[in-house]
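J.: After the sequence you'll find the predicted model.
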Amino acid sequence: MKKLSRASIATIALAGSLTVLVAGCGAANTTGGSGTGGNTTTASGTPVNGGTLSIGQFTKWSDNFIPGMDSSLYTANVYSFVFDPLFSFNNKLELTPWLVQSYSYSNGNKTITMHLQPNANWSDGQPITSQDVLLYMNFVGSKTYNTTLQGQYGYLVGPVKGSAELLSGKATSFTQTGGFKIINSKTFQINLTTADASALAADLSSITPVPYHILGKVPFSQWKTNAENTLPKVVSGPYIPTAADGAGSLVQLKANTKYWKGAPHISNINIKYVSQNTEGSLVMSHQLGFALNGLTPTDYLTLTKASGVSTKTLPALGFEYLGLHDNSAPWNNATLRQAVMYGIDHKAIINNIEKGLASKIVGPIPSVSWAYTSQGMNQYNYSVSKAKSLIQSQGYKMGSNGYYQKNGQTLGFTITIGQGSTTGQEIADLIASDLKQVGVKVTVNTPLAFTTLITDLENNSKSIQGWIAGWSLGTDPDPRGLWGSQDAMNFERWVNPQDDTLIKNTWSLPSDFTQAGRKAAFAPWERLVNQQVPLIFLYENNNSYAFTSKLNIPASDWTSAGELPLNPQQWWLSK
C-alpha cells in the first residue's frame, strides 16, 4: 500500500496537504475540471522549449535526493524529478515498464527476469545497468539502512530471497543469497522467497537504480552526507539539481538534456516552500506557476474563477487520519477507539473545513482503488450517545470535571500537528471540541516542524500521544509496510495476529494472481481494520491543482498514481 510519484512507495503527509476538493472519490472524477477563468487543463498546440516553472509545496522537505532516504511525500515530490524507478503507473493505474523495457515470470512465479531499456543512460552518459539496480536493492535491504539510517523502505526488498540475511548483516548483497542474478549489463533476475502476487507492483516497481560508478565504493553509512544524496550531478531523471538551500525550502533544477526519454521542454524548474496562507494568492498573482499541494478549499474554489489560472482535481490514493498509540493504555482498547470514531462529527469536518468537498472514509483503502469494498463496513455515524455508551462499557465514570475517569486517570490525549497546515489546525480544534462533548479531554499541542514530527513517530516518542497526518498510498493496495504488526510505518504500533494473517492472504493465495481473487481476499482484512480502527479515519482526499494557464500538461500525464503528474519532460510553457 505504497506510493512514489511514478511507483509505489507510501509517503506520509502533513494533515491538510491531501485536501479533497471534489465530492466523492470515484472513477467518474478522474478527468478533473478546469476553472472558469482559465484554459483547459490539458496540453494543446505545439510544444515549445524554454522557460522556468515555479512549483510550490506548502511543507518543507528533507534535502535527501536518494529515493527512500526520507519518508516524506514532499521529499518524494522533489526526487521524482531526479531519479527514475524501474516501473511507472499510467493514468489508468496500470503497471507500466519504465527503466525496465520488458519482464517475464518463471519458476512458479518466483523468478522475474527484467531487461533494462537499452538507451537508458545516466546524465553523464554512462549506461544504467544491472549493477545499479543491485546497488540500490542492497542499500535498502542493508542493516545500515534499516537501523543506523532508520530507513523506512526495507520492505521493498522484503519478498526477495535473502532479505533477512541482509537485514541481519549476515550478507551484504543479494547476489550472495541467490536473490539477484546479473545476466548481463542490461538483464537481471530477481528471485523471490515465495510466489507473491503483489511483489512486483507494490514493492519491486519502486526500486530506483543509483549510479554504481559514483556510489559503488561508498559505505552505506556515508550515503546520507554524500553529494549524490545532497545535490546529485549524475541522475537518471529528466532534471538535475543545481542548488538546494539545505533547509527544505528551495531546490533549483535544470533540464537533463541527455535524458533517455528525451530532453525536457521546460528549461528550469524551481521547487519552493510557500506558506499555505499565501499559496493561493501567489498563484492568483502569477508569482507561483504550479501549486502542487496544500491549497485550502476556499483558495481552490476562488482560483477556479481566476483569470489566467487553470485548476484540476483527481481522486487521490490517500486519506487523512488521527493517529493514536495502540500499544499502550488506554488506546490499546479497540472499544475506546471506536468511541472516538463515533464521537467525531466527520460531516462537520467535510462541510465546515473542506467546504463540502470531501468524502468520509472508514477503512484503509480509498474508494478509487480496485480493492475497495463497502460491504460489511461500519460507517460510524456520528453519535455522542453511542460514544459515551462504549466508554462506559469499559468501566469509565463521568468525573466532576466533565471528562470520563478510571482509576484516577482522565480519559484523553494530546494532538500534535505539523507546522504550516491551517487545515490540520482546524481539524485538531474541531476534534477537541467534538470529543469534549463525549467526555474525552483533548489538548492541541503547539505544532512541530513536520520533519520533527515524523522523526518522533519513527522513534515511537512518548511525547506524541495523538497526531493528525495523511497517508499518500500507492496503486497496489498491498497492506505491508503500513499495517503489519512489525512494519516500520505502523506508527500506531498496532499488533493483531489476525491482521497479519489476513494481510498474508492478500498476496499468498493462488487466487491472488488474478485481480478478482485479490479483491475477494482484501475484503475481510478491510472489515477487520474497520472494526478495530487502529487509527481514526477522517476523510479520503483528492489531489487538487492550480497552475498558470501557460503550463501545458498532456492529458495522459494526469494520474492518481501519486501527487505529481507523469512525464515532466513532456510539460511545456506557452510563450
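T.: Looks like it came in fine. Residues are numbered from 1 along each chain as shown.
J.: which secondary structure element contains residue 118?
T.: Assigned by DSSP states H and E, residue 118 falls within no helix or strand.
J.: so it makes contact with residue 99?
T.: No: using C-beta atoms under 8 Å, residue 118 is not in contact with residue 99, being 11.1 Å away. C-betas here are computed from N, CA, C, even on glycine.
J.: Please give the three-state secondary structure assignment for the closest residue to residue 538 other than its chain neighbours.
T.: Using C-beta to C-beta, 6 or more residues apart in numbering and skipping the chain neighbours, the partner closest in space to residue 538 is residue 320 (4.4 Å). Of the three states, residue 320 takes strand under DSSP: H, G, I helix; E, B strand; the rest coil.
J.: what bridges to residue 320?
T.: residue 470, residue 539 (DSSP bridges).
J.: Just the pLDDT for it.
T.: For residue 320, the pLDDT comes out at 94.
J.: residues contacting residue 425?
T.: Neighbouring residues of residue 425 by C-beta atoms under 8 Å, 6 or more residues apart in numbering: 417, 444, 447.
J.: Okay, helices next: where are they in the stretch 301-450 of the chain?
T.: Assigned by DSSP state H, counting those that start in this stretch, the stretch 301-450 of the chain shows helices spanning 334-343, 346-348, 384-392, 422-438, 450-458.
J.: lowest-confidence stretch among those helices?
T.: Among the helices of the stretch 301-450 of the chain, helix 450-458 scores lowest, with a mean of 90.
J.: got the buried residues for that one?
T.: Across helix 450-458, burial judged by 16 or more other C-beta atoms under 10 Å covers 450-451, 453-454, 456-458.
J.: could I get the contacts of residue 425 as a markdown table with neighbour count?
T.: Conversion of those to a markdown table gives the following (neighbours: other C-beta atoms under 10 Å):
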| residue | neighbour count |
| --- | --- |
| 417 | 27 |
| 444 | 18 |
| 447 | 18 |
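J.: How are the strands of the stretch 401-550 of the chain distributed by residue range?
T.: Taking DSSP state E, counting those that start in this stretch to define them, one finds strands in the stretch 401-550 of the chain at 404-406, 409-410, 412-416, 441-444, 466-472, 536-548.
J.: what does the first one contact?
T.: This points to strand 404-406. Strand 404-406 is contacted by residues 330, 391-392, 394-399, 410-411, 439-440 when judged by C-beta under 8 Å, 6+ apart.
J.: Out of the buried residues of helix 450-458, flag the one nearest to residue 141.
T.: Set against residue 141, the nearest of these by C-beta to C-beta is residue 458 (18.5 Å).
J.: before we move on, the earlier item: minimum distance to residue 79: which of the helices of the stretch 301-450 of the chain has it?
T.: Nearest to residue 79, of all these, is helix 450-458, at 15.2 Å by C-beta to C-beta.
J.: Check which helices and strands the closest one is in contact with.
T.: strand 11-14, strand 466-472 (3 or more C-beta pairs under 8 Å, 6 or more residues apart in numbering; DSSP states H and E).
J.: least reliable of the ones you listed going by mean pLDDT?
T.: Ranked by mean pLDDT, the helices and strands packed on helix 450-458 end with strand 11-14 at the bottom, a mean of 54.
J.: following that strand, which helix or strand comes up?
T.: Scanning forward in sequence from strand 11-14 by DSSP H and E, the next helix or strand is strand 52-57.
J.: So which elements touch that following strand?
T.: Against strand 52-57 (3+ C-beta pairs under 8 Å, 6+ apart) you get strand 268-273, helix 276-284, strand 290-291.
J.: Mark which of the contacts of strand 404-406 are buried, thanks.
T.: Burial by neighbour count, judged by 16+ other C-beta under 10 Å, picks out 330, 391, 396, 411, 439-440 from these.
J.: Quick one: the buried residues of helix 450-458 as JSON lines, columns for distance to residue 271 too.
T.: Output for the buried residues of helix 450-458, formatted as JSON lines (distance: C-beta to C-beta, whole Å):
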{"residue": "450", "distance to residue 271": "16"}
{"residue": "451", "distance to residue 271": "16"}
{"residue": "453", "distance to residue 271": "21"}
{"residue": "454", "distance to residue 271": "19"}
{"residue": "456", "distance to residue 271": "26"}
{"residue": "457", "distance to residue 271": "25"}
{"residue": "458", "distance to residue 271": "24"}
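J.: Tell me how many other residues crowd residue 460.
T.: For residue 460, the neighbour count with other C-beta atoms under 10 Å is 12.
J.: Can you give me the distance of it to residue 404?
T.: Distance, residue 460 to residue 404, by C-beta to C-beta, to the nearest Å: 26 Å.
J.: Same check on residue 376?
T.: Using C-beta to C-beta, we find residue 376 at a distance of 30 Å from residue 404.
J.: which of those two has more neighbours?
T.: residue 404 (25 against 11).
J.: Bridged to the more buried one, which residues?
T.: Beta-bridge pairing for residue 404 (DSSP bridges): residue 398.
J.: Give the full set of residues in contact with residue 342.
T.: Residue 342 makes contacts with 380-384, 386-387, 390, as judged by C-beta under 8 Å, 6+ apart.
J.: One more pass at 10 Å, please.
T.: 378, 380-391, 438, 533 (C-beta atoms under 10 Å, 6 or more residues apart in numbering).
J.: Looking at those residues, which two lie furthest apart in space?
T.: Among the contacts of residue 342, 385 and 533 lie farthest apart (C-beta to C-beta), at 18.5 Å.
J.: More neighbours: the two, which one.
T.: residue 533 (26 against 9).
J.: can you pull the contacts of the residue lying closest to that one once chain neighbours are set aside?
T.: In this structure, residue 533 finds its nearest non-sequential neighbour in residue 337, 4.4 Å apart by C-beta to C-beta, 6+ apart. Taking C-beta under 10 Å, 6+ apart, we find residue 337 in contact with 322, 324, 326, 330-331, 390, 492, 494, 532-536.
J.: separation between residue 337 and residue 352?
T.: In terms of C-beta to C-beta, residue 337 sits 24 Å off from residue 352.
J.: Low-confidence ranges, the chain, go.
T.: Applying pLDDT under 70 to the chain flags the ranges 1-44.
J.: Walk me through the domains of it.
T.: Annotated domains of the chain cover 96-227, 322-353+372-466+477-536 [automatic domain parsing].
J.: from the middle of its chain, how far away would the first one be?
T.: Spelled out, that is domain 96-227. 21 Å (C-alpha atoms, centre = their mean, to the nearest Å).
J.: Fine, thanks again, bye for now.
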